[in-house]
Structure formats: C-alpha cells, structure tokens
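Undergrad: How does the following fold in three dimensions:
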Amino acid sequence: MARHPITFQEIVEHFAPGWFASVMGTAATGVAIFALRNFVPFAGALQVIFLALAVVLFGVLLAPWSIRWLKHPQAVRRDLTHPVSAAFFPTMPISLLVIGIALEKTPLPFLPEGALWPLLLTLWAIGSLAILIFALVILTIFFHHTEIRWEASTLGWLIPPVSMLLSPVLGLSLSMRYAGALWGEVAFYASLFFLGAGSLLFLLMMATVFTRSIFYAPPPAPLAPTLWVGVAPPSILTIVALRIVAPVQSHLAVSQQVAETFSLLAKVSGAALWGFALFWMMLALLATLETHRRTPLPFALSWWAFIFPVGVFTVASGMLYQAMPVLFFLWIGLATLIGLLVLWVATLLRTIQGAWRGTIFLPPAGQPSR
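TA: This next block holds a predicted model:
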C-alpha cells in the first residue's frame, strides 16, 4: 500500500471542516446502543468504548482544526465561502453536544453527578453558542454570495439546521436537572429558541435541495452520502417530541390533563416524524445504490455522513419503542443498529487507511463549483 508523504503543516492547511463528522458518528453510535441497551450484549461496555473513542477523536482533531484558524485564515475563509464545505463547519460544536448527550447516557464511576452536570452544562452552552454563530455567519455569507449555482447545493446544507435541533436534546435534560434555578430557565427557553430556528431552517433547506435534486443532475459520487443527512432532522425532531413533555409540564406549570393530552400529541407527532425519516432513509438508499451503479462510490471523508443520521434514527426508533411498545419500531431499530455498526467499522477502517496513506488529507476533489 503506497503512502503519500505529507507533513503536519500540509494536514493543517488542507484540514477539512467535515472531519468532526467522525466524532458525531462515533458518539451517536454509543447513544444508539444505549437506546436499545436491553437487546444489546455488553451494552454498557460498548457505550464506554464509543464514548472514549469519540473524546479521543475530538481531542486529536481539535489541534489541526484550531491551528488552521491561526496559521491559514485565508484557507478557512475560502472554505467558509464555498457552498459545499461551508455547511460542515458546525460539525465541531455539534460534536460537543453529541459527546455531552453520550456522557449523560453513559455511567462513568469516576465522574460523579456533582461534576457531570456542570460539565454537560458547559458543553451545551459552548456548543449551542458556537452553533448559533456558525449558522448566522454561514447564512449571511450565502445571502451575499452572487455566484452560488443550484448544482452546488447538497443535503450537507442541512447540517446547520441539524446543529440547532440538537441543542434542545441536551438542553431539555439540563432544564429538568436545574429546574427552579436560573440555568434551568435558560436551558428550557434556549431549547425552544433552537427548536423553532432549526425546524424552520430544516424545512427551507430541505425544500431548496429537494427542488435541486429533481431539476438538476445528482452531485458527484463522493458527495452522494450527504443525501443521508436528510434522515437526521426528522429523527432528532422525533427525539425532541418525546422528551419535551416533562420539561413543558415543569416550566410552564400546565395541568395534569393538559400534560396527558400533550404527551399523546407528542407520541403521534414523533411517530409521524419518524415515518418521514424512515421514508427518506429508503429513498437515500435507493439513490445511493443508483449512483454507485452509474459511478462506483469512492471512499471519501463524506462517508461519515452515513453514520450520524443512521445513528440518530436508531436512537429515535429505540425511544419510540419505549414510548409505544410496538414491535415494528424495535425491529427497525435493531436492523438499523446492525447496519450502523457495520457502516461505522467499514468507515473507520477506510479512514485509518486513508490517514496512513496520507491521501485523505489531500484537498477534496470533485466538489461542485460555485
């Protein structure tokens, strides 16, 4: 296996903003195992392994990501103005939130609750603020960009909405933990803010890219995995719908009767959103197979776009089964968990191979022009 000599300086200069998708996918896989823990052997140990790998990956990737901002600001600016790569910048703060969610679900004997929840609050606050900043910066750049063509849009554009929708997943837990305190109120109302902004951005971006998919040729084969990003927003909305009932009852002081009605509506809306996620997953699978038939799908860093959406869909399936014990949700959840683990192993091995050879650090090719 031939190696491409590459220096750390070259790695930093060409470091793709989408590298943190590997952290997102790894941490989400651990949460997916938690969601179906009663049916997974050694679930607790596997959760710790995936969480540890996600934390190590984050630490390793943070160095070149941070140095690039200092040493190569022009390269960062170029990526921020590119219609494909710009959408991947929020993957870094998303990683903070997903690691926080994984930490919440993974019991660690050396991390007592007195230290756990302040840590989760810190991860949530930093991650949410960075997500908001990136969303505003990227959309402002796009609004003033005069050269973006329809062909340049991909479902990678859903990453900013996904990042906003993830904030309530951890924020709602914090709102319950700190109920009655200032941080509880901040977490609850900030979660509602991000839920509203992320939901509407999801609809707008989904409609835009859906229109592009009908009237224009598919994106290049290396970007085919981005089609799977469409699975993530409805899956996350399913999770939020199922988790928001208790915080609403606590912070808005609604009656028990209203809470029961809201709980029923949450289950119905959660199942409906999950249905759209399942539909989009089937559509993405068919489209990916067709792309592969026409042009063999090469390995690229974009393969990590398979992992996180399937992971959050698996989590949503497990939560739906807990809320409504219908075997269909369980079967789908277990099937996607098996597929998720296979995809994660294959993608990780190919990523390690590409890193060892040095090819994965080269500038990306085949992206649509502006």
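Undergrad: quick one: which helix or strand includes Ala179?
TA: In this structure, Ala179 sits in neither a helix nor a strand according to DSSP states H and E.
Undergrad: ok, it - how many residues close by?
TA: For Ala179, the neighbour count with other CB atoms under 10 Å is 16. (Each C-beta comes from the backbone N, C-alpha and C, glycine too.)
Undergrad: show me the contacts for it.
TA: Ser250, His251 (CB atoms under 8 Å, 6 or more residues apart in numbering).
Undergrad: Got phi/psi on it?
TA: With angles defined as degrees, to the nearest 10, Ala179 sits at phi -60, psi 140.
Undergrad: any idea how far it lies from Ile126?
TA: 22 Å (CB to CB, to the nearest Å).
Undergrad: Please apply the same query to Ile159.
TA: On the measure of CB to CB, Ile159 and Ile126 end up 18 Å apart.
Undergrad: what ranges do the helices span in the stretch 151-300 of the chain?
TA: 159-177, 182-215, 232-243, 245-252, 256-294 (DSSP state H, counting those that start in this stretch).
Undergrad: Switch those over to CSV; also include mean neighbour count and mean pLDDT.
TA: Below are those laid out as CSV (neighbours: other CB atoms under 10 Å; pLDDT from 0 to 100):
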stretch, mean neighbour count, mean pLDDT
helix 159-177, 26, 95
helix 182-215, 17, 94
helix 232-243, 26, 96
helix 245-252, 18, 92
helix 256-294, 15, 94
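Undergrad: Which strands or helices does the helix or strand in which Ala27 is found pack on?
TA: Element membership for Ala27 (DSSP H and E) is helix 21-35. Packing partners of helix 21-35 (3 or more CB pairs under 8 Å, 6 or more residues apart in numbering; DSSP states H and E): helix 43-71, helix 91-105, helix 304-323, helix 327-357.
Undergrad: Give me the angle between that helix and helix 159-177.
TA: 40 degrees (axes from the mean of the first three to the mean of the last three CA atoms, to 10 degrees).
Undergrad: and helix 21-35, average pLDDT?
TA: Across helix 21-35, pLDDT averages out at 97.
Undergrad: any idea how far that helix is from the chain center?
TA: The chain centre lies 9 Å from the centre of helix 21-35; the measure is CA atoms, centre = their mean, to the nearest Å.
Undergrad: Stretch 238-252 too?
TA: 21 Å.
Undergrad: Also stretch 19-30?
TA: 8 Å.
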